[in-house]
Each structure stands twice: as structure tokens, then as C-alpha cells.
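Peer 1: Fold the following for me, if possible:
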Amino acid sequence: MGSHGPRRMDGAHALAAVAGLSAAAVLFGASVAWGITLHADGTAGDPGTTAEVVVSLGGTADAPVAAVQADVHFDAGHTPIAMAVDGRPDCVVNPSIRKSATRFAFHPPGCAPQRGECTSVRAVVIATDNVDVIPPGTQLYRCRVALAAQARPGGYPLAISNAMYAPPTGGDRIPEVTAGMVTISGSLPPVAASGGSGGGCSIDTHADALSIWVLIGPLIWWRRPARRNV
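Peer 2: The predicted model follows:
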């Protein structure tokens, strides 16, 4: 491969990937190696709680892996990967794989997770002091997922894209990927609409989208008289 070949995750390019989380994102020219898989394990929880999603490496010892990159996409409004106190994704690498230069970043670049602008987390699992092989079947990292209080029970996908890995000898490879699922269990508490002589009425949390107008309507009706009296 000539000097204009694809960027690699080893050597000098490994250092660039750690610094910017973008140098390792170039997939053009990377060869496909279907013997390795990346998958997001499913997780579950109730609305308003947190859960953990794990990204794991699959494959065989015949295809050794020394470094991995992947973008994990989530539902920003219902099951976002949580933000840690330092503003970065609340993710942690598996310490047993000795990839201490691993970094995580919200994407798209410059998004504000607290405003729901981020739609994925990029992880670069790498070390600058070793090219040790990560055994197949190993958990690479885990991230805390915030389950929105208003999220309805059901499944919310966790897709993986921009995935690649590097063997100890260098060169980028593209693995197979398997999406995961965040399952929100339980049910939302019933909401009583106040007002009227007949008492409150409970709202079926499994109703269709029109039920939101049942909640908003009384609030609009209450506020109108106050505005006319000003």
C-alpha cells in the first residue's frame, strides 16, 4: 500500500486518533474482515431511571484485534447516553484490556448533550504503550444510558456505525456490527386532569398521540381567563 493509502490506527496515527477522535474515522480503503464483530448488548429499565449498555467484541483468535473504533447512535429524546460531570459521555473502558488511551466523545462535533443535540458517542479503544490483543468475547466498554421520564415503554435501538479495528500488525479492518436495544419497561403513571364538577379523569398511558391534547387542553383553557383580566 502506497503513501496515499488509508490512515491506520497504529503508530503515529494511533496518537492522532487519541488526540482528536477523528483521525481513526477514515474508513476509505479499509478492508472488510467479517470474522470480527462489534455488538451493543441490550439493556432495560423503567422511565426516569438509568441503565448500562455494553459494547463487546466478538470473533475468533484467528483475527487478532489491538484497537477498535465505533460510533454508537441513540435516541436523543428518550434513551441518550448520559453526560458525565466533565461534560463527556458517561462511559468507561474495561480496565482488563489495558487500553488506557481510550477516549469517548459526543457527536456530532460541538453538540450540547444537555440540550439533546447529540445523537451518538464515538469511542476509540486504543493504547499508546501496547498493541496487546483484545480477546474475542471481551466487553470493550460500558456507557450509562438515561431513560427519559416521559419515554413510553418499548424498544429504542442502539445502532453502530463507523466501526473498524486494527490488528497488532497495523492496517484498518471493518468488522460486522450488531445493533442493540434499550427496552423501557414498566408503565407511565396515570395523569389526572383537574377541573370540572365530575372530578378528574385518568389518561391511558398507552393511548395514541392524540392523548397529549387531553393534557394540554385544560392548561390552555385555565390560562385564557387570566390573560383577559390583565
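Peer 1: Which pLDDT does the model give residue 171?
Peer 2: For residue 171, the model assigns a pLDDT of 89.
Peer 1: Can you tell me how far it is from residue 66?
Peer 2: 11 Å (CB to CB, to the nearest Å). The C-beta positions use only the backbone N, C-alpha and C, and glycine is treated the same way.
Peer 1: which of these two has more neighbours?
Peer 2: residue 66 (23 against 17; other CB atoms under 10 Å).
Peer 1: Next up, the contacts around the more buried one.
Peer 2: 9-10, 127, 131-134, 165-168 (CB atoms under 8 Å, 6 or more residues apart in numbering).
Peer 1: try it again with 7 Å
Peer 2: 131-134, 166-168 (CB atoms under 7 Å, 6 or more residues apart in numbering).
Peer 1: Taking these, please make a ChimeraX selection of just the buried ones.
Peer 2: Buried residues within the contacts of residue 66, by 16 or more other CB atoms under 10 Å, are selected in ChimeraX with:
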select :131,134,166,167
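Peer 1: tell me the domain ranges of the protein?
Peer 2: 11-184, 192-229 (automatic domain parsing).
Peer 1: from the contacts of residue 66, which single one is nearest residue 78?
Peer 2: Residue 78 has its nearest neighbour among these in residue 134, at 31.4 Å by CB to CB.
Peer 1: hang on, isn't the closest one packed against residue 59?
Peer 2: No. Counting by CB atoms under 7 Å, residue 134 does not reach residue 59; the two are 9.6 Å apart.
Peer 1: can you give me the strands in this protein?
Peer 2: Ranges of strands in the chain, per DSSP state E, are 31-40, 43-45, 50-58, 67-73, 91-93, 103-107, 120-125, 139-146, 154-166, 173-178, 180-184, 192-193, 201-202.
Peer 1: show me where pLDDT drops low in this protein?
Peer 2: Scanning the chain for pLDDT under 70 picks out 1-34, 187-230.
Peer 1: Let's see that with 80 instead.
Peer 2: 1-34, 60-62, 186-230 (pLDDT under 80).
Peer 1: right, and residue 166 touches residue 172 too?
Peer 2: Yes. Contact criterion CB under 7 Å: residue 166 and residue 172 qualify, at 5.9 Å.
Peer 1: which residues touch residue 74?
Peer 2: Residue 74 touches 80-81, 119-120, 158, counting by CB under 7 Å, 6+ apart.
Peer 1: quick revisit: which of the domains of the chain has the highest mean neighbour count?
Peer 2: Stretch with highest mean neighbour count among the domains of the chain: domain 11-184 (a mean of 18; mean count of other CB atoms under 10 Å).
Peer 1: Excluding chain neighbours, what is closest to residue 180?
Peer 2: Of all residues not flanking residue 180 in the chain, residue 40 sits nearest, at 3.0 Å (CB to CB, 6 or more residues apart in numbering).
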